[in-house]
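Peer 1: Fold the following.
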Amino acid sequence: MILEVAILHIIKGEEQNFESDFKIAAQYISSIDGYINHSLKKCMEVESKYILLVNWLNLESHTIGFRQSEQYIEWKKLLHHYYSPFPIVEHYTMVN
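Peer 2: Below is the predicted model of the structure:
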């Protein structure tokens, strides 16, 4: 299992719209083979900052299964215009 981590900086004043659209977009990511679960958390210190955590079965489930899918096109339409700057997405694995 791998963990995808993305720090999301949302255009100020668009937080409510982003949160509403994220609820819709969640159906697209959760429909992908290899998706396990996700959580979106809002920063307490910076109102327009969020962290997205997604657990995937393996790296390819995200980088190929999701990012090369029709669902990703819909995800992009709903969410990508809220980001400023565009987030850096990293993947983590357990150490032990």
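Peer 1: Contact partners for T93?
Peer 2: With contact taken as C-beta atoms under 8 Å, 6 or more residues apart in numbering, T93 is in contact with M1, I2, L3. (Each C-beta comes from the backbone N, C-alpha and C, glycine too.)
Peer 1: ok, those residues vs P87, which is closest?
Peer 2: Proximity of the contacts of T93 to P87 (C-beta to C-beta) peaks at L3, which lies at 14.9 Å.
Peer 1: Could you list everything the closest one pairs with in the sheet?
Peer 2: Beta-bridge pairing of L3 under DSSP bridges involves N55, Y92.
Peer 1: thought it was touching N58?
Peer 2: No - taking contacts as C-beta atoms under 8 Å, L3 lies outside contact range of N58: 11.6 Å.
Peer 1: Can you get me a residue count around S48?
Peer 2: Other residues lying near S48 total 17 when counted by other C-beta atoms under 10 Å.
Peer 1: now the contacts of T93: which count as buried?
Peer 2: The neighbour count (16 or more other C-beta atoms under 10 Å) marks I2 as buried among the contacts of T93.
Peer 1: Out of the contacts of T93, which comes closest to H62?
Peer 2: Using C-beta to C-beta, the shortest approach to H62 within these belongs to I2, at 7.5 Å.
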